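Student: I'll drop the sequence and a predicted model, then ask my questions.
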Amino acid sequence: MNEKETRSREADEKAITPRATDYSQWYLDIIRAADLAEYSSVKGCMVIKPNGYAIWEQIQSVLDGKFKDYGVRNAYFPLLIPERLLKREAAHVEGFAPEVAVVTHAGGEKLEEPLVIRPTSETIMYETYKDWIRSYRDLPLLINQWANVIRWELRTKPFLRTTEFLWQEGHTVHQTVDEADIFARKMLSTYDWFASTYMAIPVITGKKSESEKFAGALHTYTCEAMMQDGKALQFATSHNLGDNFAKAFDIKFLDETNTLQYAWQTSWGLSTRSIGGLIMTHSDDKGLVLPPKIAPIKVVIVPVFNADNKEAILEKTHELRLEIEKNSSAFPAHSIAVDERGHLRIGEKFFDWEKQGVPIRIEYGPKDIAAGQCVLVRRDTGEKIIAKTDGEISRVVTELADAIQKNLYDTAKHRLDSNTVHANTWDEFTASIENGKFVLAHWDETSETEKIIKEETSATIRCIPMDAKEEVGKCIKTGLSSTKRVLFAKAY
RNA sequence: CGGGGUGUGGUGUAACGGCUAACAUUCCUGUUUUGGGAACAGGCGACUCCGGGUUCGAAUCCCGGCACCCCGACCA
């Protein structure tokens, strides 16, 4: 075997499984290649590694700022919930009972009352809320919590469904059902805005069907994204809880007319699952691809040096880095990396950063310095751009980041639009679902029909789209009359 | 809980019932290298998943257990 063949074989061994071959393995390969997470010794749980957690911190930072703009304040409630609290709201306990973990022993003794580890915090928070709320002047109460939760799922996959996961859960209390509903929708559009603007993930917003809605909610609103294999991923949800929990937890307030009333509530959440969506939306067969606005490292400068000129080159490299940093607020110091590693060859460094999804790579060596320029390479297209280092570099980097952000969104949007189809007959419907499409179809609005469709095709109603037009139609399964199309797809 | 598969250095693999369990890679030390996956030299690293059994002799054969992975069922 000659040298060339050896190199080619090694390259194959390091390569990521192509998407077309095995989508599931491809997804896991990306996570490993980008060093985002790994399985832990606890079944169903994962260790989020620094590269993965850095993405979560970006998400936290953007969302938390937006929540604060709305007057939402952060708080923290206990991990352990007395079992009786979880049982207060009938639909809620029925929905969560199968997947809760229960602590039965502590302090070396069996507990009088078991404690469940929160699968979500409605119950423990609302138990407290009832003492916080006396009059309409205490409302609205707007609280968010960044926390971990545990749901004992039978089958797990990193980020998308793990036994323990991180999320934010917002819980608000309002005077009227209308005000609560408006707030729930406002949070839905906030998630929509975040997904499209920052994650470059276009979503379809809508309402969940009765059988898919949150256990204990009046309405559940959702953002549904399309992955590269055509399957749907629930990106985030926002619930109008009505007065279901207020009645179960006795949350009442005195209104302006001195009448005691039950309050109206919402809850809304976005989890580390969104990172799974991010990976599956943009990554390619070379590794992770991150949109610049959410990438922890937005630019990596790879200097080209040898033992003789190393110090001189590195000095110039840091000057270049400062030039970008000081001229554009979008690129703080920690978002620009300089690869000074001396034990790796230039090629290995390039592959390393490509795997990690860094949006822009800048190559900077003696030839560039002599010419007063540097070479920028886009992660999304691989295109090389030469820019003058003097004066224009920070503008070029900023524009390039915007162009990458836009390109990633446009590509995902095109994929979503071109794979969303209408079906008017059962045959059309099943064929489209089999082809991995999002299918807009008429439905007779019964849970029975929904269940039958799921059993026969494994497709579920992802949502009743917010922008669904009123039109006369017939249910694709039963032929009964229907007034609007709903979104069906196979889901993660 | 069904169906399928796998357990050997950190990772990926090899070894007919028979030598001190081999090879590659990672990692560490040095030297030389650096515009697309470097080379050489040296070094660290395993009770071959666990427990029994058969045998002069077991990573290998038999029995039992356990763990993990994939496909279902479950899942806001």
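Tutor: Cool, the structure landed.
Student: do you know how far A:L278 is from A:A91?
Tutor: According to CB to CB, to the nearest Å, A:L278 stands 32 Å off from A:A91. C-beta: built from backbone N, CA, C; applies to glycine.
Student: A:D192 too?
Tutor: Counting by CB to CB, the gap from A:D192 to A:A91 is 27 Å.
Student: Could I get the buried residue list for the host helix or strand of A:E57?
Tutor: Per DSSP states H and E, A:E57 falls inside helix A:50-69. Judged by neighbour count using 16 or more other CB atoms under 10 Å, the buried positions of helix A:50-69 are A:N51, A:G52, A:Y53, A:I55, A:W56, A:Q58, A:I59, A:V62, A:L63, A:F67.
Student: same question, stretch A:424-437
Tutor: So for stretch A:424-437, counting by 16+ other CB under 10 Å, buried means A:W426, A:F429, A:T430, A:S432, A:I433, A:G436, A:K437.
Student: same deal with stretch A:133-141?
Tutor: For stretch A:133-141, by 16+ other CB under 10 Å, it's A:I133, A:Y136, A:L139, A:P140, A:L141.
Student: send the alpha carbons of that stretch over as CSV?
Tutor: Written as CSV, here are the backbone C-alpha positions of stretch A:133-141 (Å, rounded to 0.1, in the frame of the first residue of the first chain):
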residue,chain,number,x,y,z
ILE,A,133,-51.1,36.2,45.0
ARG,A,134,-53.7,38.1,47.0
SER,A,135,-55.0,40.9,44.7
TYR,A,136,-55.1,42.0,41.1
ARG,A,137,-52.2,44.3,42.0
ASP,A,138,-50.0,41.2,42.4
LEU,A,139,-50.7,40.3,38.7
PRO,A,140,-49.4,39.6,36.3
LEU,A,141,-46.8,37.4,38.0
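Student: what does it contact?
Tutor: Residues from elsewhere that reach stretch A:133-141 (CB atoms under 8 Å, 6 or more residues apart in numbering): A:129, A:132, A:172-175, A:179, A:183, A:251-256, A:263.
Student: again, only this time at 7 Å
Tutor: Contacts to stretch A:133-141, defined as CB atoms under 7 Å, 6 or more residues apart in numbering, come from residues A:Y129, A:W132, A:T172, A:V173, A:H174, A:Q175, A:I251, A:F253, A:L254, A:D255, A:E256, A:A263.
Student: Give me the ChimeraX select line for those, limited to the buried ones.
Tutor: Burial among those is assessed by 16+ other CB under 10 Å; the matching ChimeraX selection reads:
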select /A:129,172,173,174,175,251,253,263
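Student: between A:D192 and A:A91, who's got more neighbours?
Tutor: It is A:D192, of A:D192 and A:A91, that has more neighbours when counted by other CB atoms under 10 Å, with 20 against 14.
Student: Next secondary structure after the helix or strand hosting the more buried one?
Tutor: Assessed by DSSP H and E, A:D192 sits inside helix A:177-197. Going down the chain from helix A:177-197, the next helix or strand is strand A:203-207, by DSSP H and E.
Student: where does the helix holding A:E57 sit relative to the chain's centre, distance-wise?
Tutor: 11 Å (CA atoms, centre = their mean, to the nearest Å).
Student: Show me what that helix is packed against.
Tutor: Here helix A:50-69 touches strand A:164-174, helix A:177-197, helix A:273-282, going by 3 or more CB pairs under 7 Å, 6 or more residues apart in numbering; DSSP states H and E.
Student: Let's see the pLDDT reported for the spatially closest residue to A:I336 that is not a sequence neighbour.
Tutor: Take A:I336 and drop its neighbours on the chain: the residue closest to it by CB to CB, 6 or more residues apart in numbering is A:V299, 4.8 Å away. What the model reports as pLDDT for A:V299 is 97.
Student: A:V299 touches A:W353, doesn't it?
Tutor: No - counting by CB atoms under 7 Å, A:W353 is not a contact partner of A:V299; they are 10.0 Å apart.
Student: Looking at these two, which one has more neighbours?
Tutor: In this view A:V299 and A:W353 are compared by other CB under 10 Å, and A:V299 has more residues nearby, 24 against 21.
Student: For the more buried one, give me its contacts.
Tutor: Contacts of A:V299 (CB under 7 Å, 6+ apart): A:I324, A:F331, A:S335, A:I336, A:I360, A:I362, A:V397.
Student: Between which two of the residues you listed is the distance greatest?
Tutor: With CB to CB as the measure, no two of these lie farther apart than A:S335 and A:I362, at 12.9 Å.
Student: Those two: who's more crowded?
Tutor: Each of A:S335 and A:I362 has its neighbours counted (other CB under 10 Å); A:I362 has more, 27 against 19.
Student: Run through chain A and note the low-pLDDT ranges.
Tutor: Along chain A, the parts satisfying pLDDT under 70 run over A:1-15.
Student: max-length helix in it?
Tutor: helix A:393-418 (DSSP state H).
Student: Now do the buried residues in that helix.
Tutor: For helix A:393-418, a neighbour-count test (16+ other CB under 10 Å) marks A:393-394, A:396-398, A:400-401, A:403-405, A:408-409, A:411-412, A:415-416 as buried.
Student: Please apply the same query to stretch A:371-390.
Tutor: Buried-residue list, stretch A:371-390, by 16+ other CB under 10 Å: A:Q373, A:C374, A:V375, A:L376, A:V377, A:R378, A:R379, A:D380, A:I385, A:A387, A:T389.
Student: Stretch A:22-35 too?
Tutor: The neighbour-count criterion (16+ other CB under 10 Å) identifies A:Y23, A:W26, A:Y27, A:L28, A:D29, A:I30, A:I31, A:A33, A:A34 as the buried residues of stretch A:22-35.
Student: so what's the nearest residue to A:K43 once chain neighbours are set aside up against?
Tutor: Nearest residue to A:K43, sequence neighbours excluded (CB to CB, 6+ apart): A:T163, at 7.3 Å. Counting by CB under 7 Å, 6+ apart, A:T163 touches A:G44, A:C45, A:I150, A:R151, A:W152, A:E153, A:T156.
Student: a markdown table for those residues, including neighbour count and distance to RNA strand B?
Tutor: Output for these, formatted as a markdown table (neighbours: other CB atoms under 10 Å; distance: CB to the nearest atom of the strand, whole Å):
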| residue | neighbour count | distance to RNA strand B |
| --- | --- | --- |
| A:G44 | 18 | 8 |
| A:C45 | 15 | 10 |
| A:I150 | 19 | 10 |
| A:R151 | 20 | 6 |
| A:W152 | 15 | 9 |
| A:E153 | 14 | 5 |
| A:T156 | 19 | 7 |
